[in-house]
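# okay, here's the prediction I keep looking at, along with the sequence it came from:
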There are 2 protein chains.
Amino acid sequence: MQPGVSSSRLDRTLVALADPTRRAILERLSRGEARVTELAEPFDLSLNSVSKHIRMLERAQLVRRRIRGREHLLSYNPEPVDEAALWIETQRSLWTRRLCALDQLLREEDGPRPRTRKGRR
Amino acid sequence: MQPGVSSSRLDRTLVALADPTRRAILERLSRGEARVTELAEPFDLSLNSVSKHIRMLERAQLVRRRIRGREHLLSYNPEPVDEAALWIETQRSLWTRRLCALDQLLREEDGPRPRTRKGRR
(Lines give C-alpha, C1' and ligand atoms only; values in the text may rest on other atoms or scores of the structure.)
Protein backbone atom coordinates (compact mmCIF):
# COMPACT_ATOMS: atom_id res chain seq x y z
CA MET A 1 0.00 0.00 0.00
CA GLN A 2 0.91 3.58 -0.61
CA PRO A 3 1.58 5.15 2.79
CA GLY A 4 -1.22 7.44 3.90
CA VAL A 5 -4.03 5.78 1.96
CA SER A 6 -6.02 3.13 3.80
CA SER A 7 -6.86 0.09 1.71
CA SER A 8 -10.60 0.42 2.29
CA ARG A 9 -10.56 4.10 1.38
CA LEU A 10 -8.76 3.28 -1.86
CA ASP A 11 -11.28 0.48 -2.53
CA ARG A 12 -14.18 2.88 -2.10
CA THR A 13 -12.59 5.48 -4.36
CA LEU A 14 -11.87 3.00 -7.17
CA VAL A 15 -15.34 1.43 -7.02
CA ALA A 16 -16.95 4.89 -6.99
CA LEU A 17 -14.93 5.90 -10.06
CA ALA A 18 -15.73 2.62 -11.88
CA ASP A 19 -19.03 3.82 -13.31
CA PRO A 20 -19.64 6.24 -16.21
CA THR A 21 -22.63 7.96 -14.54
CA ARG A 22 -20.69 8.62 -11.35
CA ARG A 23 -17.73 9.91 -13.38
CA ALA A 24 -20.09 12.25 -15.27
CA ILE A 25 -21.51 13.51 -11.95
CA LEU A 26 -18.00 14.30 -10.71
CA GLU A 27 -17.18 15.94 -14.02
CA ARG A 28 -20.26 18.18 -13.59
CA LEU A 29 -19.44 18.98 -9.95
CA SER A 30 -15.88 19.94 -10.82
CA ARG A 31 -17.53 22.85 -12.68
CA GLY A 32 -19.32 24.00 -9.51
CA GLU A 33 -21.87 23.10 -6.81
CA ALA A 34 -25.19 21.60 -7.88
CA ARG A 35 -28.48 20.35 -6.45
CA VAL A 36 -29.49 16.69 -6.87
CA THR A 37 -32.24 17.73 -9.34
CA GLU A 38 -29.70 19.60 -11.46
CA LEU A 39 -27.43 16.55 -11.50
CA ALA A 40 -30.27 14.23 -12.50
CA GLU A 41 -31.41 16.33 -15.50
CA PRO A 42 -28.80 15.48 -18.15
CA PHE A 43 -28.76 11.75 -17.36
CA ASP A 44 -32.34 10.76 -18.04
CA LEU A 45 -32.27 8.83 -14.76
CA SER A 46 -34.73 8.84 -11.88
CA LEU A 47 -33.96 11.04 -8.90
CA ASN A 48 -33.79 7.88 -6.84
CA SER A 49 -31.15 6.33 -9.07
CA VAL A 50 -29.06 9.51 -9.12
CA SER A 51 -29.38 9.75 -5.32
CA LYS A 52 -27.94 6.25 -5.00
CA HIS A 53 -24.94 7.19 -7.13
CA ILE A 54 -24.46 10.33 -5.04
CA ARG A 55 -24.57 8.38 -1.78
CA MET A 56 -21.83 6.11 -3.13
CA LEU A 57 -19.75 9.16 -4.07
CA GLU A 58 -20.34 10.63 -0.60
CA ARG A 59 -19.24 7.39 1.09
CA ALA A 60 -16.02 7.60 -0.93
CA GLN A 61 -15.75 11.27 0.17
CA LEU A 62 -15.62 12.30 -3.47
CA VAL A 63 -18.72 14.44 -2.98
CA ARG A 64 -19.58 16.78 -0.13
CA ARG A 65 -23.07 17.92 0.83
CA ARG A 66 -23.86 21.40 2.16
CA ILE A 67 -27.34 22.07 3.50
CA ARG A 68 -28.68 25.61 3.08
CA GLY A 69 -32.27 25.86 4.30
CA ARG A 70 -34.12 23.30 2.23
CA GLU A 71 -31.45 23.04 -0.40
CA HIS A 72 -28.83 20.33 -0.51
CA LEU A 73 -25.84 21.55 -2.45
CA LEU A 74 -23.28 19.02 -3.64
CA SER A 75 -19.66 19.70 -4.45
CA TYR A 76 -16.61 17.77 -5.63
CA ASN A 77 -13.82 16.92 -3.18
CA PRO A 78 -10.57 16.22 -5.05
CA GLU A 79 -8.58 14.53 -2.26
CA PRO A 80 -9.55 10.87 -2.84
CA VAL A 81 -8.83 11.19 -6.58
CA ASP A 82 -5.43 12.72 -5.80
CA GLU A 83 -4.65 9.78 -3.51
CA ALA A 84 -5.89 7.16 -5.99
CA ALA A 85 -3.89 8.80 -8.81
CA LEU A 86 -0.74 8.71 -6.67
CA TRP A 87 -1.32 5.08 -5.71
CA ILE A 88 -2.04 3.87 -9.25
CA GLU A 89 0.91 5.75 -10.73
CA THR A 90 3.30 4.38 -8.09
CA GLN A 91 2.10 0.79 -8.60
CA ARG A 92 2.06 1.10 -12.38
CA SER A 93 5.62 2.25 -12.40
CA LEU A 94 6.81 -0.37 -9.88
CA TRP A 95 5.03 -3.34 -11.47
CA THR A 96 6.14 -2.38 -14.97
CA ARG A 97 9.76 -1.94 -13.83
CA ARG A 98 9.67 -5.43 -12.31
CA LEU A 99 8.26 -6.96 -15.49
CA CYS A 100 10.99 -5.29 -17.54
CA ALA A 101 13.69 -6.51 -15.14
CA LEU A 102 12.25 -10.02 -15.32
CA ASP A 103 12.14 -9.92 -19.09
CA GLN A 104 15.76 -8.78 -19.15
CA LEU A 105 16.77 -11.60 -16.79
CA LEU A 106 15.02 -14.25 -18.88
CA ARG A 107 16.66 -12.95 -22.01
CA GLU A 108 20.07 -13.09 -20.33
CA GLU A 109 19.43 -16.66 -19.15
CA ASP A 110 18.43 -17.66 -22.64
CA GLY A 111 21.40 -15.63 -23.70
CA PRO A 112 24.85 -16.48 -24.92
CA ARG A 113 23.98 -19.24 -27.30
CA PRO A 114 26.34 -19.74 -30.22
CA ARG A 115 24.79 -18.02 -33.18
CA THR A 116 26.12 -20.31 -35.81
CA ARG A 117 22.81 -21.72 -36.90
CA LYS A 118 21.51 -19.82 -39.81
CA GLY A 119 18.02 -19.58 -41.14
CA ARG A 120 16.44 -21.27 -38.13
CA ARG A 121 14.77 -19.74 -35.14
CA MET B 1 -13.49 9.84 -21.62
CA GLN B 2 -9.81 9.62 -22.30
CA PRO B 3 -9.42 8.80 -25.99
CA GLY B 4 -8.46 5.20 -26.58
CA VAL B 5 -9.96 3.74 -23.39
CA SER B 6 -13.49 2.39 -23.62
CA SER B 7 -15.66 3.23 -20.64
CA SER B 8 -16.49 -0.40 -19.90
CA ARG B 9 -12.83 -1.41 -20.06
CA LEU B 10 -11.94 1.35 -17.59
CA ASP B 11 -14.84 0.23 -15.35
CA ARG B 12 -13.54 -3.34 -15.32
CA THR B 13 -9.98 -2.21 -14.55
CA LEU B 14 -11.01 0.04 -11.65
CA VAL B 15 -13.33 -2.57 -10.12
CA ALA B 16 -10.63 -5.23 -10.47
CA LEU B 17 -8.11 -2.96 -8.71
CA ALA B 18 -10.59 -2.06 -5.95
CA ASP B 19 -9.81 -5.08 -3.78
CA PRO B 20 -6.72 -5.70 -1.60
CA THR B 21 -6.51 -9.43 -2.47
CA ARG B 22 -6.60 -8.75 -6.21
CA ARG B 23 -3.98 -6.01 -5.80
CA ALA B 24 -1.78 -8.45 -3.86
CA ILE B 25 -2.17 -11.05 -6.65
CA LEU B 26 -1.06 -8.47 -9.24
CA GLU B 27 1.81 -7.45 -7.01
CA ARG B 28 2.92 -11.11 -6.85
CA LEU B 29 2.53 -11.62 -10.62
CA SER B 30 4.57 -8.51 -11.38
CA ARG B 31 7.47 -10.53 -9.88
CA GLY B 32 6.91 -13.37 -12.33
CA GLU B 33 4.52 -16.04 -13.62
CA ALA B 34 2.73 -18.23 -11.06
CA ARG B 35 0.28 -21.12 -10.81
CA VAL B 36 -3.09 -20.67 -9.13
CA THR B 37 -1.96 -22.83 -6.20
CA GLU B 38 1.13 -20.66 -5.70
CA LEU B 39 -1.05 -17.55 -5.68
CA ALA B 40 -3.46 -19.03 -3.15
CA GLU B 41 -0.77 -19.99 -0.62
CA PRO B 42 0.06 -16.65 1.04
CA PHE B 43 -3.57 -15.52 1.28
CA ASP B 44 -5.08 -18.20 3.45
CA LEU B 45 -7.99 -18.34 1.00
CA SER B 46 -9.63 -21.33 -0.66
CA LEU B 47 -8.54 -22.19 -4.20
CA ASN B 48 -12.09 -21.47 -5.26
CA SER B 49 -12.03 -17.97 -3.83
CA VAL B 50 -8.63 -17.19 -5.39
CA SER B 51 -9.90 -18.54 -8.72
CA LYS B 52 -12.80 -16.10 -8.62
CA HIS B 53 -10.44 -13.18 -8.04
CA ILE B 54 -8.26 -14.39 -10.90
CA ARG B 55 -11.22 -14.66 -13.27
CA MET B 56 -12.11 -11.06 -12.48
CA LEU B 57 -8.52 -10.02 -13.17
CA GLU B 58 -8.60 -11.96 -16.44
CA ARG B 59 -11.85 -10.29 -17.51
CA ALA B 60 -10.15 -6.93 -16.93
CA GLN B 61 -7.19 -8.26 -18.96
CA LEU B 62 -4.89 -7.55 -16.04
CA VAL B 63 -3.92 -11.22 -15.92
CA ARG B 64 -3.06 -13.56 -18.78
CA ARG B 65 -3.22 -17.34 -18.66
CA ARG B 66 -0.76 -19.60 -20.47
CA ILE B 67 -1.47 -23.32 -20.59
CA ARG B 68 1.53 -25.67 -20.66
CA GLY B 69 0.43 -29.28 -20.53
CA ARG B 70 -1.58 -29.52 -17.34
CA GLU B 71 -0.20 -26.33 -15.87
CA HIS B 72 -1.97 -23.01 -16.02
CA LEU B 73 0.57 -20.22 -15.69
CA LEU B 74 -0.67 -16.74 -14.87
CA SER B 75 1.12 -13.50 -15.63
CA TYR B 76 0.55 -9.77 -15.18
CA ASN B 77 -0.40 -7.61 -18.17
CA PRO B 78 0.44 -3.96 -17.50
CA GLU B 79 -1.62 -2.30 -20.27
CA PRO B 80 -4.95 -1.77 -18.43
CA VAL B 81 -3.12 -0.24 -15.42
CA ASP B 82 -1.21 2.08 -17.77
CA GLU B 83 -4.49 3.20 -19.31
CA ALA B 84 -6.24 3.65 -15.97
CA ALA B 85 -3.27 5.62 -14.61
CA LEU B 86 -3.35 7.92 -17.63
CA TRP B 87 -7.11 8.40 -17.33
CA ILE B 88 -7.10 9.12 -13.59
CA GLU B 89 -4.15 11.50 -13.83
CA THR B 90 -5.77 13.44 -16.69
CA GLN B 91 -9.10 13.75 -14.85
CA ARG B 92 -7.46 14.58 -11.54
CA SER B 93 -5.55 17.40 -13.12
CA LEU B 94 -8.54 18.71 -15.13
CA TRP B 95 -11.07 18.56 -12.27
CA THR B 96 -8.68 20.14 -9.79
CA ARG B 97 -7.81 22.94 -12.22
CA ARG B 98 -11.52 23.68 -12.64
CA LEU B 99 -12.09 23.78 -8.88
CA CYS B 100 -9.17 26.17 -8.46
CA ALA B 101 -10.49 28.43 -11.25
CA LEU B 102 -13.94 28.38 -9.66
CA ASP B 103 -12.51 29.17 -6.25
CA GLN B 104 -10.59 32.09 -7.72
CA LEU B 105 -13.72 33.38 -9.44
CA LEU B 106 -15.79 33.19 -6.25
CA ARG B 107 -13.11 34.96 -4.28
CA GLU B 108 -13.03 37.74 -6.86
CA GLU B 109 -16.81 38.08 -6.72
CA ASP B 110 -16.83 38.13 -2.91
CA GLY B 111 -13.97 40.65 -2.99
CA PRO B 112 -14.18 42.95 0.03
CA ARG B 113 -13.00 46.05 -1.76
CA PRO B 114 -14.99 47.97 -4.34
CA ARG B 115 -13.13 47.79 -7.57
CA THR B 116 -11.57 50.91 -8.88
CA ARG B 117 -10.83 49.41 -12.27
CA LYS B 118 -13.21 50.16 -15.07
CA GLY B 119 -14.85 47.52 -17.16
CA ARG B 120 -16.03 44.95 -14.65
CA ARG B 121 -16.71 41.47 -15.94
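The structure has been received and is ready for your questions. Numbers count the residues shown, from 1 in each chain, chains lettered A, B, ... in the order given.
# spell out which parts of chain A neighbour chain B.
By the rule Cβ under 8 Å from any Cβ of the partner chain, the part of chain A lying against chain B is A:7, A:10-15, A:17-20, A:23, A:26-27, A:30-32, A:76, A:78, A:81-82, A:84-85, A:88-89, A:91-92, A:94-96, A:98-99, A:102. From N, CA and C alone the C-beta is placed, and that goes for glycine too.
# tell me the buried residues in the helix or strand containing residue A:24?
Assessed by DSSP states H and E, residue A:24 sits inside helix A:20-29. Residues A:22-23, A:25-26, A:28-29 are the ones in helix A:20-29 that count as buried (16 or more other Cβ atoms under 10 Å in any protein chain shown).
# closest to chain B out of those residues?
residue A:26 (6.7 Å; Cβ to the nearest Cβ).
# where in chain A is pLDDT low?
Chain A contains residues with pLDDT under 70 at A:1-5, A:112-121.
# for it, just list every one of the strands.
Secondary structure of chain A (DSSP state E): strands at A:63-68, A:71-76.
# which secondary structure elements does the first one contact?
The one in question is strand A:63-68. If you count contacts as 3 or more Cβ pairs under 8 Å, 6 or more residues apart in numbering or on different chains; DSSP states H and E, strand A:63-68 packs onto helix A:20-29, helix A:47-59, strand A:71-76.
# how about those in JSON lines, adding distance to residue B:70?
Below are these laid out as JSON lines (distance: least, Cβ to Cβ, whole Å):
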{"stretch": "helix A:20-29", "distance to residue B:70": "41"}
{"stretch": "helix A:47-59", "distance to residue B:70": "43"}
{"stretch": "strand A:71-76", "distance to residue B:70": "52"}
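# report the contact partners of the residue nearest the centre of chain A.
Nearest to the geometric centre of chain A sits residue A:14, at 4.5 Å (Cα atoms, centre = their mean). The neighbours of residue A:14, taking Cβ atoms under 8 Å, 6 or more residues apart in numbering or on different chains as the test, are A:84, B:14-15, B:17-18.
# what of residue A:39?
Residue A:39 is in contact with A:25, A:28-29, A:50, A:54, A:74, counting by Cβ under 8 Å, 6+ apart.
# and those, which is closest to residue B:109?
Nearest to residue B:109 out of the contacts of residue A:39 is residue A:29 (Cβ to Cβ; 19.2 Å).
# surely that closest one meets residue A:81?
No: if you go by Cβ atoms under 8 Å, residue A:29 and residue A:81 don't touch, sitting 11.6 Å apart.
# need the residues touching each of these two.
With contacts defined as Cβ under 8 Å, 6+ apart, no residue is shared by residue A:29 and residue A:81.
# who's residue A:76 bridged to?
Judged by DSSP bridges, the bridge partners of residue A:76 are residue A:63.
# residues in contact with it?
A:26, A:29-30, A:62-64, B:95, B:99.
# how about residue A:45?
Contacts for residue A:45 (Cβ under 8 Å, 6+ apart) come out as residue A:21.
# out of the contacts of residue A:14, which is nearest to residue A:107?
residue B:17 (29.1 Å).
# the closest one: neighbour count?
Per other Cβ atoms under 10 Å in any protein chain shown, the neighbour tally for residue B:17 reads 26.
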